[in-house]
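Peer 1: Turn this into a model:
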Amino acid sequence: MISGLERQYPRLDEDIGGVLRRGPDTFFVQELLPFQPSGVGEHVFLHIEKCGLNTEEVARRLARHAGVHVRDIGYAGLKDRHARTRQFFTVPVPGRAEPDWTVLENEHLKILERHRHDRKLRRGAHLGNRFRLSLRVLRGSRRDWDVALHRLERLGFPNYFGGQRFGHDNLAAAARLLAGTGQRLQRGQRGLLWSAARSALFNAVLTERVRTGSWQTLLPGERVQLEGSHSHFLARRSDADWSALEARLHAWDLHPSGPLPGSGTDGPEDEAAQVEQAALAAWMGPPEFPENGLSWADRLGAQGLRAARRALRCRVRECSWEWVDDEGLDLRFSLPSGSFATVALEALGVQTQAR
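Peer 2: Next up is the predicted model:
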């Protein structure tokens with residue numbers, strides 16, 4: 001089993017659906033940061049709008065222009081090429097003249113703002129992203145769409161990793177690497193494949209929780225993750241404050257979680273562990289794996305990756321929509337970092353395609 005792309009969603013009561021063809025005129029993303037640039041320091045802080053380019057391509061252009069190594073370019077998150085996106089970059093220019101950034105501008109890249117900052121922008125430093133999506137090929141009545149969108153606001157959606165995480169061949173390449181049959185790769189390339197493998201295993205566990213209707217409930221032995229944090233703790237049914245935990249769950253203060261496998265023992269227990277381990281055990285790898293009984297999760301732990309957790313559900317914030325015509329809808333919402341707008345759309349029966 002190496003597809004990892006199957007994502008199951010709660011059944012919709014409404015007969016709605018559609019297609020979004022991702023492009024600069026239909027899919028807009030604004031990165032959200034929790035701070036302002038300091039105004040002083042050895043880094044140039046750039047706010048850039050791009051289309052037809054992914055984040056790494058922009059980083060390479062900035063590095064070449066500034067005469068620095070690409071690893072010195074800072075950015076918080078990866079943004080798709082099949083959208084119009086605005087995000088932030090930092091470029092170190094210690095003790096020398098700042099280059100003319102406008103030289104880089106063209107139809108695919110614009111410099112919106114530049115400031116000084118005192119440190120490199122780190123991965124994951126953003127709060128999240130604000131999306132504006134133009135849906136033009138829809139099925140279903142306005143009433144059904146309004147009901148479904150209000151429910152999405154209230155109940156959220158399964159927090160799957162989207163198809164962008166897996167690329168065209170990342171899971172198959174990860175399988176070869178885990179089996180020891182893949183070619184030697186640079187550290188960054190290996191990290192991309194480990195990320196795809198861990199994401200697929202998380203999706204497998206979440207699919208099982210959606211199938212059993214437990215993706216929004218606490219199971220005995222659940223690893224509970226705090227809202228807006230990577231911190232988590234064990235919740236046992238015998239705990240005196242179980243009802244208080246459920247109240248916090250309904251208030252979106254905490255969430256059931258799934259695994260990002262690696263080394264470490266901070267996993268669930270009891271029923272939550274049984275569900276999780278059964279889903280992970282199904283991932284024993286393709287035929288080229290040596291027959292030693294190790295699952296993908298075991299092998300990822302052997303790579304020195306530290307185990308982590310991810311919330312099984314995601315809340316849509318600041319959601320609004322406006323009908324353009326009988327088959328057109330402009331949809332706006334914000335998501336926390338690491339969550340996918342394409343997954344929120346899939347929960348509404350909308351499939352996304354790159355142009």
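Peer 1: all helices for the stretch 201-350 of the chain, in order.
Peer 2: 242-250, 270-281, 296-302, 341-346 (DSSP state H, counting those that start in this stretch).
Peer 1: buried stuff in the longest one?
Peer 2: Within helix 270-281, the residues that count as buried by 16 or more other Cβ atoms under 10 Å are D270, A272, A273, V275, E276, A279, L280. Backbone N, C-alpha and C define where each C-beta goes, glycine included.
Peer 1: looking at the helices of the stretch 201-350 of the chain, which one has the lowest mean pLDDT?
Peer 2: Confidence, taken as mean pLDDT, is least for helix 296-302 of those (a mean of 83).
Peer 1: partners of the nearest residue to V316 once chain neighbours are set aside in the sheet?
Peer 2: What sits nearest to V316 in space, not counting adjacent residues and going by Cβ to Cβ, 6 or more residues apart in numbering, is F333, at 4.8 Å. Beta-bridge pairing for F333 (DSSP bridges): F131.
Peer 1: that older thread, and of the helices of the stretch 201-350 of the chain, who's closest to A311?
Peer 2: helix 242-250 (11.0 Å; Cβ to Cβ).
Peer 1: Mind giving me the packing neighbours of that closest one?
Peer 2: strand 254-260 (3 or more Cβ pairs under 8 Å, 6 or more residues apart in numbering; DSSP states H and E).
Peer 1: Other residues contacting the helix or strand hosting L149?
Peer 2: According to DSSP states H and E, L149 maps onto helix 142-155. By Cβ atoms under 8 Å, 6 or more residues apart in numbering, the residues outside helix 142-155 that reach it are 12-16, 138, 140, 216, 316, 319, 321, 323, 326, 329, 331, 344, 347-348.
Peer 1: Helix or strand next in line after that helix, which one?
Peer 2: Next along the chain from helix 142-155, counting by DSSP H and E, comes strand 157-158.
Peer 1: ok now the helix or strand following that next one, how far from the chain's centre?
Peer 2: Where DSSP H and E defines the elements, the next helix or strand beyond strand 157-158 is helix 170-179. Centre-to-centre, helix 170-179 and its host chain are 20 Å apart (Cα atoms, centre = their mean, to the nearest Å).
Peer 1: What is helix 170-179 packed up against?
Peer 2: helix 187-211, helix 296-302.
Peer 1: at 6 Å what do you get?
Peer 2: Using 3 or more Cβ pairs under 6 Å, 6 or more residues apart in numbering; DSSP states H and E, the elements in contact with helix 170-179 are helix 187-211.
Peer 1: in the sheet, who's paired with the residue lying closest to V93 once chain neighbours are set aside?
Peer 2: Nearest-residue entry for V93: V44, 5.7 Å, with adjacent residues in sequence omitted and distances by Cβ to Cβ, 6+ apart. Applying DSSP bridges to V44 gives these bridge partners: V91, R116.
Peer 1: per-residue confidence for V44?
Peer 2: Value for V44, per-residue pLDDT: 98.
Peer 1: pretty sure it contacts V91?
Peer 2: Yes - between V44 and V91 there is a contact under Cβ atoms under 6 Å: 4.7 Å.
Peer 1: Neighbour count for these two, which is higher?
Peer 2: Taking neighbours as other Cβ atoms under 10 Å, V44 and V91 compare with V91 leading, 26 against 20.
Peer 1: Check that one and give its pLDDT.
Peer 2: Predicted confidence (pLDDT) for V91: 98.
Peer 1: How about A235?
Peer 2: 93.
Peer 1: For it, the count of nearby residues, please.
Peer 2: Residues lying near A235 (other Cβ under 10 Å) number 25.
Peer 1: Would you mind stating the distance between it and T90?
Peer 2: Distance, A235 to T90, by Cβ to Cβ, to the nearest Å: 39 Å.
Peer 1: Same check on R154?
Peer 2: Distance from R154 to T90, by Cβ to Cβ: 38 Å.
Peer 1: same thing with R236?
Peer 2: When R236 is compared with T90 (using Cβ to Cβ), they lie 44 Å apart.
Peer 1: Looking at those two now, which is surrounded by more residues?
Peer 2: Taking neighbours as other Cβ under 10 Å, R236 and T90 compare with T90 leading, 26 against 13.
Peer 1: residue contacts, the closest residue to that one other than its chain neighbours?
Peer 2: Excluding the flanking residues, the one nearest T90 by Cβ to Cβ, 6+ apart is G74, at 3.7 Å. The contact partners of G74, taken as Cβ atoms under 6 Å, 6 or more residues apart in numbering, are T90, K120, L121.
Peer 1: Same question for R309.
Peer 2: R223, Q225, H232, S257.
Peer 1: Give me the phi and psi angles of S339.
Peer 2: When quoted as degrees, to the nearest 10, the phi and psi of S339 stand at phi -100, psi 150.
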